[in-house]
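Engineer: Just to be clear, the model below is a prediction. Sequence and coordinates:
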Amino acid sequence: MKNFNPLRFAAILSFIVVLFSNCSKDALSEPKAKSGSSPVVSNDPPDELPGAIQAKIVPYPDGSAISMHVSMGDFVSEEYFPNDDGVILIENLTPGIYTVVLQVDPGDNTAAPLIGKVIENVIVTSGTITDIGTIEL
C-alpha cells in the first residue's frame, strides 16, 4: 500500500467541499431578477396567421377589365386583377369578416369603374383561403 500523503488528502478534501458548497439549495433556487426590472410574461395568444380570399371571375361580356378589392372596417385593400385563368387571390388578410367588391372598368378613360357585385360577410379565418366561388357579372 502506498504511503499516506497529507497534501494530496487536503487537496481532494478541499475539492469535495468546494464542489458540494456550490451545489447547495440556495445555489439551485430561482434566479433573481435585476433590480428595477420584472420578467415579461404575456398571456396573449400567439399571432394569428393571415388568411386569403379567392374568387374565379367569368369574363365580362364586352371584355371590360374586372378588379376586386376587400374591406373590413376602415381597411380597404388595393385592387387586384384576375390571372389568365380568371382567378383573383387576395392574400395576407387579417382574420375577420370582409366585404368583397368587384368592379368593372368600362374601358374608356372618362368613366369611373362600375360596381359589378358586392358580397358581404365573407369570413376569413387564420391560415386558410376562403373561396367565394365562381362569380358571373
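Structural biologist: Done, it's in.

Engineer: Any stretches of the protein with poor pLDDT?
Structural biologist: Along the chain, segments meeting pLDDT under 70 span 1-4, 10-11, 13, 15, 17-47, 60-63, 106-113.

Engineer: could you pull out the helices for it?
Structural biologist: 6-22 (DSSP state H).

Engineer: And the strands in it?
Structural biologist: In the chain, the strands defined using DSSP state E lie at 51-58, 65-72, 75-76, 87-93, 96-105, 114-124, 129-136.

Engineer: Just send those strands back as JSON lines, with mean neighbour count and distance to residue 12 too.
Structural biologist: Every residue, glycine included, has its C-beta placed from N, CA and C. Formatted as JSON lines, the strands of the chain follow (neighbours: other Cβ atoms under 10 Å; distance: least, Cβ to Cβ, whole Å):
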{"stretch": "strand 51-58", "mean neighbour count": "18", "distance to residue 12": "67"}
{"stretch": "strand 65-72", "mean neighbour count": "19", "distance to residue 12": "73"}
{"stretch": "strand 75-76", "mean neighbour count": "12", "distance to residue 12": "72"}
{"stretch": "strand 87-93", "mean neighbour count": "16", "distance to residue 12": "66"}
{"stretch": "strand 96-105", "mean neighbour count": "18", "distance to residue 12": "70"}
{"stretch": "strand 114-124", "mean neighbour count": "14", "distance to residue 12": "70"}
{"stretch": "strand 129-136", "mean neighbour count": "14", "distance to residue 12": "69"}
